[in-house]
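Enquirer: only the shape, not the letters, is given here:
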């Protein structure tokens, strides 16, 4: 005859029960979290950015379908469209900002044109990019004092919206982003155009 003697102490059994209860509680809490909170990206129209009194609109008329981007601030891409497959050609270029002078617009436009033209695509055609500068912030050395972010915030900043259209004039993507770099408008435009090019190449 063999007798079984338990080596499990009451304290260990108590800890196991507590652990199991905790797991059950966490599972119940997860079930009560709305499913869209787990899987839906943040929408621009629901964001604090959009509700801010200083939100400036550009050339994009409808923001309702735009969501938080992985590399850009806000984006929308038509389902099934692969932007990386297409070359990019600059169409309209507008400046609706107050601080970018008319004499600076051409240099900024050429910066976008030069960088975006380097996106080769996969011979699927050409998308026309209508771009507007909705905001320009001048280099400001006075912002250098801002804790942690001063070195970035003091740089020139440019906010742009881009509408990409196919050969039939149908909108296939809407992009909105704010970038900062250097002291001159072209510096910020270079950073902005590079970010847009990277996003298009990945999507």
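Expert: Good, I have the coordinates. Treat the numbers as computed from the prediction; the structure is a model and nothing was measured.

Enquirer: ok, which stretches of the protein are helices?
Expert: 10-32, 35-39, 48-51, 102-116, 150-153, 185-202 (DSSP state H).

Enquirer: ok, and the closest non-adjacent residue to residue 59?
Expert: Nearest residue to residue 59, sequence neighbours excluded (CB to CB, 6 or more residues apart in numbering): residue 132, at 3.9 Å. Any C-beta I mention is one placed from the backbone N, CA and C, and that applies to glycine too.

Enquirer: quickly list what the one you found is bridged to.
Expert: Beta-bridge pairing for residue 132 (DSSP bridges): residue 94, residue 161.

Enquirer: one more: residue 175?
Expert: According to DSSP bridges, the partner residues bridging residue 175 are residue 75, residue 162.

Enquirer: tell me the buried residues in stretch 107-121?
Expert: Neighbour-count burial for stretch 107-121, counted by 16 or more other CB atoms under 10 Å, picks out 108-109, 111-113, 115-116, 119, 121.

Enquirer: can you check stretch 191-203 too?
Expert: 191-197, 199-200, 203.

Enquirer: and those as TSV, adding distance to residue 52 and pLDDT?
Expert: Shown next, in TSV, are the buried residues of stretch 191-203 (distance: CB to CB, whole Å; pLDDT from 0 to 100):
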residue	distance to residue 52	pLDDT
191	23	95
192	20	95
193	25	96
194	26	96
195	22	96
196	23	97
197	28	96
199	23	96
200	27	96
203	27	92
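
Enquirer: tell me the one of those residues nearest residue 163?
Expert: residue 196 (12.0 Å; CB to CB).

Enquirer: lowest average confidence, helix or strand, in the protein?
Expert: Lowest mean confidence among the helices and strands of the chain (mean pLDDT, DSSP states H and E): helix 35-39, at a mean of 43.

Enquirer: quick one: low-confidence parts of the protein?
Expert: Filtered on pLDDT under 70, the chain yields the residue ranges 1-40, 139-154.

Enquirer: what separates residue 118 from residue 201, distance-wise?
Expert: The spacing between residue 118 and residue 201, counted by CB to CB, to the nearest Å, is 10 Å.

Enquirer: got it, and residue 163?
Expert: Going from residue 163 to residue 201 by CB to CB gives 18 Å.

Enquirer: wait, residue 203 touches residue 86, no?
Expert: No - with contacts counted by CB atoms under 8 Å, residue 203 stays clear of residue 86, the gap being 11.0 Å.
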